[in-house]
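*Asks:* Provided below are the primary sequence and the corresponding predicted coordinates.
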Amino acid sequence: MQTSANVPRPAGSVWTDPKVRAWLFQILAVIAIVALGWFLFDNTQTNLAKRGITSGFSFLNNSAGFGIAQHLIDYNESHTYGRVFFVGLLNTLLVSVIGIVLATLLGFILGVARLSPNWLISKLATIYIETFRNIPPLLQIFFWYFAVMLSLPGPRASMGVAETFFLNSRGLYMPAPSPTDSFATFFGAIVVAIIGVVLLARWSKARFEATGKFFPISLGAVPLLLILPGLAVLLTGNPLQWSMPELTGFNFKGGWVLIPELMALTLALTIYTAAFIAENVRSGIMAVSHGQTEAARSLGLPAGKTLRLVIIPQALRVIIPPLTSQYLNLAKNSSLAAGIGYPDMVSLFAGTVLNQTGQAIEVIAITMSVYLAISISISMLMNWYNKRIALIER
Amino acid sequence: MQIHTFKPDMPPPLLSVGVLGWLRANLFSSWFNSLLTLFAAYLVWLIIPPLIQWALLDADWVGTTREDCTSGGACWVFVQQRIGQFMYGFYPTELRWRVNTSLWLAVIGAAPLFIPQMPRKALYGLSFLVVYPLLAYWLLHGGFFGLATVPTSQWGGLMLTLVIAAVGIAGALPLGILLALGRRSNMPAIRVICVTFIEFWRGVPLITVLFMSSVMLPLFLPEGLSFDKLMRALIGVILFQSAYIAEVVRGGLQAIPKGQYEAAAAMGLGYWRMMGLVILPQALKLVIPGIVNTFIALFKDTSLVIIIGLFDLLNSIKQATTDPAWLGMATEGYVFAALIFWIFCFGMSRYSQHLERKLDTGHKR
């Protein structure tokens, strides 16, 4: 098939050569993109000059001058916009991680429940899934925040559980642990115990593969995990000190508090995403043919081992890719925090900081790159995991 | 010779037929299942009766003010009094017939498309897609041919939600198809441009896109050229959604066997005719359910325009709940909003499942 290249072509038909055309199209496309970029850049320069905005990232060093309701790192009004960025980033990550963990748990339970032979359970799971995945997440966030959290009783009439947990319209108050002198010993004991369990598991696996003798790991692991830290507590005293929330004046002092924005956001995102994860789990389990179960049972595996060794490893291969996109969705949906004023990346940085400084381009660019980075890291992590569990064809 | 007579069959055990049999098979097949059933029944008992009590039995249905809600249940009077605002936003009351007319035109115009035996369906569909938007723009916005102008700042409620969703999908679909073709192209420059575009929009949340289109678009455009708020939101939504459509369409393109491409090339078809006449008709048919799912996501995402201050259904309801005359009606308002969104989304997802079954001609690989 070298003829077309070797035979001299008749004059005039050079434009009908696919190769020439391809080059032409690409050059035109690149020129168009560059021209568009230049057009936007030029307009932006003109507009910025007209409005007297100097571009650049030096505003990150200016003092922010506003307070933030929830900060995982030390923060006060005198800190810089750069610090505000990190506060927002951590808050976004916090809600994403909590949401992903809870949604995965709830989603797997619901997905399995929908396949349950129990009629009532499977119908309830179906109703849950069909209800919550068809309601916009922002609406669910609003519902939990405005209709539920904010209509809880005030601090003086708060609902308490055992005088340690208090729920009111300002949030959920709970005891906060703080380490005492003996915490180091206690922590060390736990680490030693975990290392011991890992070694034990390795030994038992090696022995099982070599001799076929089975050693129940929990027989050694449970005492090890209980006795070592227990001994540490007995010898050196209580490793943690709990500071209890107490009602002083009009509000609670001490302890940890989950602000209502965080609770509403986490609840809504968990409930919404769990409905989608449940569907992924269901389709993953259904993708494993029933013959696999029958084969496992006829080999003599009990039901639990059939599930653990045969069904779940095969189902996970189908579940992981869509699960990844659900995690990405959850991380991106956490930006809906802006709707209720949870101090996340978008509402703090693209909201307050943008309004105060007017550095629209820089702020939006930073915000978008952060989300791109989060998205890319989640998909890289999940791709790595997916590769690990993928079918190895021999 | 002895004659054998058959005795009538014994009835099956009482516990394996009828209601009892069903109960035993589906609810109480083992002790664990029985426990689960009892737990689920308790859960239902905890949730359903109070819900019905609140939403139906104890609810107030008639009245004009908040004081008419006395029975302690849901106060549907609030929704009833504000329904106009929820549906039309600030659209002038005497001009609301224009919204209704355009909605009816859409329903009547699109109805023939759902009749399987309709002749020349494609031609009709295309002309409907060209004519209807112009007609709808004339009816909703006005400004010429004798209709007074209603600026987009007065649009709102469910109507605005539907407008954003409809324009969003109508704009995103062609752009998404082009992007998908570009991503599968043999030309590296085109492919890189499309992949970058798609992955960028898929990696950022819609909310930042809306922020961007509302604060950065005015900076990007030359002096004097400016769009109103709705237009800016629409541009953001279209760009964002086209990336998702592109990925759905790419799935369809990948599912078409290579032989189809080769056969089309062997017939002497050029690229565009190969795509338009052979590949895309098959690929798009495969991904219709996926497109409907993207549309459902888009419909739910329209609620985000609240962030840039547009008064869609959710924002209208949110505003109404902050009205001092109707304080404490947040639950009723949001439940009503949820019901409307749910009806639309559930309807569409059922339709997409129906399409999936109908279009399953066995060509899938």
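*Replies:* That came in fine, so what should we check first?

*Asks:* look up phi and psi at A:Pro117.
*Replies:* Backbone torsions of A:Pro117, given as degrees, to the nearest 10, read phi -70, psi -10.

*Asks:* how far away is it from chain B?
*Replies:* A:Pro117 sits at a distance of 7 Å from chain B (criterion: Cβ to the nearest Cβ, to the nearest Å). No exception for glycine: its C-beta is placed from N, CA and C like everyone else's.

*Asks:* might one say that that residue is in contact with B:Asn33?
*Replies:* Yes - contact between A:Pro117 and B:Asn33 holds when scored by Cβ atoms under 8 Å: they sit 7.1 Å apart.

*Asks:* and the two? Which one has more around it.
*Replies:* More neighbours surround B:Asn33 than the other of A:Pro117 and B:Asn33, with 20 against 12 (other Cβ atoms under 10 Å in any protein chain shown).

*Asks:* that one sits in which helix or strand?
*Replies:* helix B:31-52 (DSSP states H and E).

*Asks:* for that helix, output the C-alpha coordinates as CSV.
*Replies:* Extracted in CSV, the C-alpha atoms of helix B:31-52 (Å, rounded to 0.1, in the frame of the first residue of the first chain):
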residue,chain,number,x,y,z
TRP,B,31,-33.9,-16.3,62.2
PHE,B,32,-31.6,-13.6,60.9
ASN,B,33,-34.1,-12.6,58.2
SER,B,34,-36.8,-12.5,60.8
LEU,B,35,-34.7,-10.2,63.0
LEU,B,36,-34.1,-8.0,60.0
THR,B,37,-37.8,-7.9,59.1
LEU,B,38,-38.7,-6.9,62.7
PHE,B,39,-36.1,-4.2,62.7
ALA,B,40,-37.3,-2.9,59.3
ALA,B,41,-40.9,-3.0,60.4
TYR,B,42,-40.0,-1.0,63.5
LEU,B,43,-38.2,1.5,61.3
VAL,B,44,-41.2,1.9,59.1
TRP,B,45,-43.4,2.3,62.2
LEU,B,46,-41.1,5.0,63.4
ILE,B,47,-41.1,7.0,60.2
ILE,B,48,-44.3,6.5,58.2
PRO,B,49,-47.1,7.2,60.7
PRO,B,50,-45.7,10.5,62.0
LEU,B,51,-44.9,11.6,58.4
ILE,B,52,-48.5,10.9,57.2
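
*Asks:* all strands for the chain, in order.
*Replies:* All of this refers to chain A. Counting by DSSP state E, chain A has these strands, from start to end: A:159-161, A:165-168, A:171-174, A:176-179, A:240-243, A:246-248, A:251-253, A:256-258.

*Asks:* name the helices or strands packed onto the fourth one?
*Replies:* Here strand A:176-179 touches strand A:240-243, going by 3 or more Cβ pairs under 8 Å, 6 or more residues apart in numbering or on different chains; DSSP states H and E.

*Asks:* and the strand it packs on, average pLDDT?
*Replies:* Summarised as a single mean, pLDDT over strand A:240-243 is 74.

*Asks:* chain center to it, what's the gap?
*Replies:* 29 Å (Cα atoms, centre = their mean, to the nearest Å).

*Asks:* same question for stretch B:273-284.
*Replies:* Chain-centre distance of stretch B:273-284: 26 Å, with Cα atoms, centre = their mean.

*Asks:* any buried residues in that stretch, and which?
*Replies:* When burial is assessed from 16 or more other Cβ atoms under 10 Å in any protein chain shown, stretch B:273-284 yields the following buried residues: B:274-275, B:278-280, B:282-284.

*Asks:* out of the residues you listed, which one sits closest to chain A?
*Replies:* B:Met274 (12.4 Å; Cβ to the nearest Cβ).

*Asks:* wait, the closest one touches B:Ala265, no?
*Replies:* Yes - between B:Met274 and B:Ala265 there is a contact at 6.5 Å, judged by Cβ under 8 Å.

*Asks:* that older thread, same list, the buried residues of stretch B:273-284, but as TSV with distance to A:Thr367 and secondary structure please.
*Replies:* Formatted as TSV, the buried residues of stretch B:273-284 follow (distance: Cβ to Cβ, whole Å; DSSP: H, G, I helix; E, B strand; the rest coil):
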residue	distance to A:Thr367	secondary structure
B:Met274	42	helix
B:Met275	37	helix
B:Val278	43	helix
B:Ile279	38	helix
B:Leu280	36	helix
B:Gln282	40	helix
B:Ala283	35	helix
B:Leu284	35	helix
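
*Asks:* near chain A, list only the ones from these.
*Replies:* Counting by Cβ under 8 Å from any Cβ of the partner chain, nothing from those sits close to chain A.

*Asks:* and of those residues, the nearest to A:Arg21?
*Replies:* B:Met274 (14.5 Å; Cβ to Cβ).

*Asks:* that older thread, most packed of the strands of chain A?
*Replies:* strand A:171-174 (a mean of 22; mean count of other Cβ atoms under 10 Å in any protein chain shown).

*Asks:* any weak-confidence spans in chain A?
*Replies:* Applying pLDDT under 70 to chain A flags the ranges A:1-12, A:249-250, A:391-394.

*Asks:* which residues of the stretch 101-250 of chain B fall in helices?
*Replies:* B:121-140, B:157-183, B:188-203, B:206-215, B:217-220, B:229-255 (DSSP state H, counting those that start in this stretch).

*Asks:* now tabulate these in a markdown table and tack on mean pLDDT and mean neighbour count.
*Replies:* Converted to a markdown table, the helices of the stretch 101-250 of chain B look like this (pLDDT from 0 to 100; neighbours: other Cβ atoms under 10 Å in any protein chain shown):
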| stretch | mean pLDDT | mean neighbour count |
| --- | --- | --- |
| helix B:121-140 | 84 | 14 |
| helix B:157-183 | 92 | 21 |
| helix B:188-203 | 89 | 17 |
| helix B:206-215 | 87 | 23 |
| helix B:217-220 | 81 | 17 |
| helix B:229-255 | 90 | 21 |
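
*Asks:* let's have these in CSV, adding distance to A:Asn134.
*Replies:* CSV is the format used below for the helices of the stretch 101-250 of chain B (distance: least, Cβ to Cβ, whole Å):
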stretch, distance to A:Asn134
helix B:121-140, 26
helix B:157-183, 14
helix B:188-203, 22
helix B:206-215, 18
helix B:217-220, 32
helix B:229-255, 18
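
*Asks:* B:Tyr334 is nearest to which of those?
*Replies:* Closest among the helices of the stretch 101-250 of chain B, using Cβ to Cβ: helix B:157-183, at 14.7 Å.

*Asks:* hmm, back to that, in the helix holding B:Asn33, what counts as buried?
*Replies:* B:33, B:36-37, B:40.

*Asks:* ok, the biggest helix by length in chain B near chain A or not?
*Replies:* Among all segments of chain B classified by DSSP state H, the helix with the greatest residue count is helix B:330-359. Yes - Helix B:330-359 lies within reach of chain A by Cβ under 8 Å from any Cβ, at B:330-331, B:334-335, B:337-338, B:341-342, B:345-346, B:349.

*Asks:* and that helix, what's buried?
*Replies:* B:330-338, B:340-342, B:344-346, B:348-349, B:352.

*Asks:* for the stretch 151-300 of chain B, what lies in contact range of chain A?
*Replies:* B:186-190, B:193, B:200, B:202-208, B:211-212, B:215-216, B:218-223, B:296, B:300.

*Asks:* do the stretch 1-150 of chain B as well
*Replies:* When proximity is defined as Cβ under 8 Å from any Cβ, the stretch 1-150 of chain B approaches chain A at B:26-27, B:29, B:33, B:36-37, B:40-41, B:43-44.

*Asks:* fine, thanks again, bye for now.
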